[in-house]
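*Asks:* Sequence first, predicted model second:
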Amino acid sequence: MTARIARNVIKSVLSRPQMDGDGAKVYRSIGTPALRNLDPFLMLDEFDVRAPGGFPDHPHRGFETVTYMLDGEFLHEDFKGHKGHLKGGDLQWMTAGRGILHAEIPANKNPSHGLQLWVNLAAKDKMIEPSYQELPSHDVAQVSPEEGVDIRVIAGESYGVHSPVLTRTPTMYIDVKLKKGKAIEQVIPDNFTGFIYTISGEAKFGGSNHISEAHHTLVLSNNGGTFVPVESLSDDCHFVIIGGKPIGEPIVQHGPFVMNTTKEIYQAFEDYQKGRNGFEGASKWLSSIAH
Ligand SMILES: Nc1ccc(F)c(C(=O)c2c[nH]c3ncc(Cl)cc23)c1F
Ligand SMILES: [Fe+3]
């Protein structure tokens, strides 16, 4: 019987709104100077964007983007003809692998609000064929252990309910809503990097009962802790708990290219500009949704 050890909050960072893409407001969590090395995670943005803003045509290589819509509607289109329309609760797990060129744009004038997480890929997977795992809201696994506790399992497992999403880099990711006074205990696998991002409301987090409000990243201890407890202090308590197995390889990142060496980054830029090694057709492509 393994001992039950609570993980504690060892660092709390408030995200302030900043502009990115084309007129898009983002609360950047991971990816800021204060939150760089949370291997295997490269970036977490809480985005809030209205048309005509958005994220027009841009490439990715060497990692995965996980777009989870909280509310509003987003259009997605890539250079191979793959298109998508994401609504509140929908999930898009995109494995960019060797190369994706796409655009991500709000579908209408209403605010598009959601989270985009960037998960690194191990060297062996960085140049795999691109692929998508797209789950409409009703296909996202859900569990409600008691009244006032609603959990959506984006990846991994919570209270015995598993997500169908294949995670090449082992990842757990749950979306949690708690009414005031309700509590959960979420298992985070041993040696996984773990953190919480708060979206709204107030709660006590971790074994040390760290109190936090919205737009905070709470980094969790990784000293053998097996679970993280959370107790809500408000009815609108909403947060995500994310964990992942560190990859432990060198990271060389230049914008939307994340490889292991500078040489591979130069190669990525050349492939993108010349339309090679996964970026075939990129130089002539323009999305219809951003033009
Ligand atoms: N500057 C820059 C450079 C490279 C990018 F890939 C992006 C980008 O596409 C995003 C960065 N945060 C995001 N949040 C949500 C969504 Cl849907 C997209 C993004 C970007 F903005
Ligand atoms: Fe993108």
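*Replies:* That came through fine. Residues are numbered from 1 along each chain as shown. Ligands and ions are numbered 1, 2, ... in the order given.
*Asks:* Low-confidence regions, the stretch 1-150 of the chain specifically.
*Replies:* Scanning the stretch 1-150 of the chain for pLDDT under 70 picks out the ranges 1-2.
*Asks:* Quick check: residues of it near ligand 1?
*Replies:* By Cβ under 6 Å from any ligand atom, the residues of the stretch 1-150 of the chain that approach ligand 1 are 20-21, 26, 45, 47, 55, 58, 67, 104, 116. Where C-beta positions appear, they are placed from N, C-alpha and C, glycine not excepted.
*Asks:* ok, P40 to ligand 1 distance?
*Replies:* 17 Å (Cβ to the nearest ligand atom, to the nearest Å).
*Asks:* so that residue touches E249, yeah?
*Replies:* No. P40 is beyond contact range of E249, at 9.4 Å (criterion: Cβ atoms under 8 Å).
*Asks:* neighbour-wise, which of these two wins?
*Replies:* P40 (26 against 15; other Cβ atoms under 10 Å).
*Asks:* Burial check on the closest residue to ligand 1 within the stretch 151-291 of the chain, number of neighbours?
*Replies:* Across the stretch 151-291 of the chain, the shortest distance to ligand 1 (Cβ to the nearest ligand atom) belongs to P256, at 4.1 Å. Around P256 there are 19 other residues, counting by other Cβ under 10 Å.
*Asks:* circling back: need the residues of the stretch 1-150 of the chain next to ligand 1 in JSON lines (columns: distance to G97).
*Replies:* Putting those into JSON lines (distance: Cβ to Cβ, whole Å) gives the following:
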{"residue": "D20", "distance to G97": "23"}
{"residue": "G21", "distance to G97": "22"}
{"residue": "V26", "distance to G97": "24"}
{"residue": "D45", "distance to G97": "21"}
{"residue": "F47", "distance to G97": "23"}
{"residue": "F55", "distance to G97": "19"}
{"residue": "H58", "distance to G97": "16"}
{"residue": "T67", "distance to G97": "16"}
{"residue": "E104", "distance to G97": "18"}
{"residue": "Q116", "distance to G97": "17"}
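*Asks:* Just the buried subset of these, please.
*Replies:* For these, a burial check counting by 16 or more other Cβ atoms under 10 Å picks out 21, 26, 45, 47, 55, 58, 67, 104, 116.
*Asks:* In strands, which of these fall?
*Replies:* Counting by DSSP state E, those place 26, 45, 47, 55, 58, 67, 104, 116 in strands.
*Asks:* so how far is K263 from the last one?
*Replies:* Here Q116 is placed at a distance of 28 Å from K263 (Cβ to Cβ, to the nearest Å).
*Asks:* Likewise for the third one?
*Replies:* Going from F47 to K263 by Cβ to Cβ gives 32 Å.
*Asks:* returning to what we had before: just put the ones in strands among the buried ones among the residues of the stretch 1-150 of the chain next to ligand 1 in CSV and tack on distance to K204.
*Replies:* Shown next, in CSV, are those (distance: Cβ to Cβ, whole Å):
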residue, distance to K204
V26, 27
D45, 26
F47, 27
F55, 35
H58, 39
T67, 30
E104, 35
Q116, 28
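*Asks:* about what we covered before: is it true that the residue of the stretch 151-291 of the chain closest to ligand 1 touches D57?
*Replies:* No. The pair P256 / D57 is not scored as a contact, 11.2 Å apart, by Cβ under 8 Å.
*Asks:* For the helix or strand where D150 lies, which outside residues touch it?
*Replies:* For D150, the element it lies in under DSSP states H and E is strand 149-155. Strand 149-155 has contacts (Cβ atoms under 8 Å, 6 or more residues apart in numbering) with 66, 68, 89, 91, 93, 140-145, 158-159, 161-163, 165, 167, 171-179, 182-184, 240.
*Asks:* Centre of the chain to it, how far?
*Replies:* Between the centre of strand 149-155 and the centre of its chain there are 14 Å (Cα atoms, centre = their mean, to the nearest Å).
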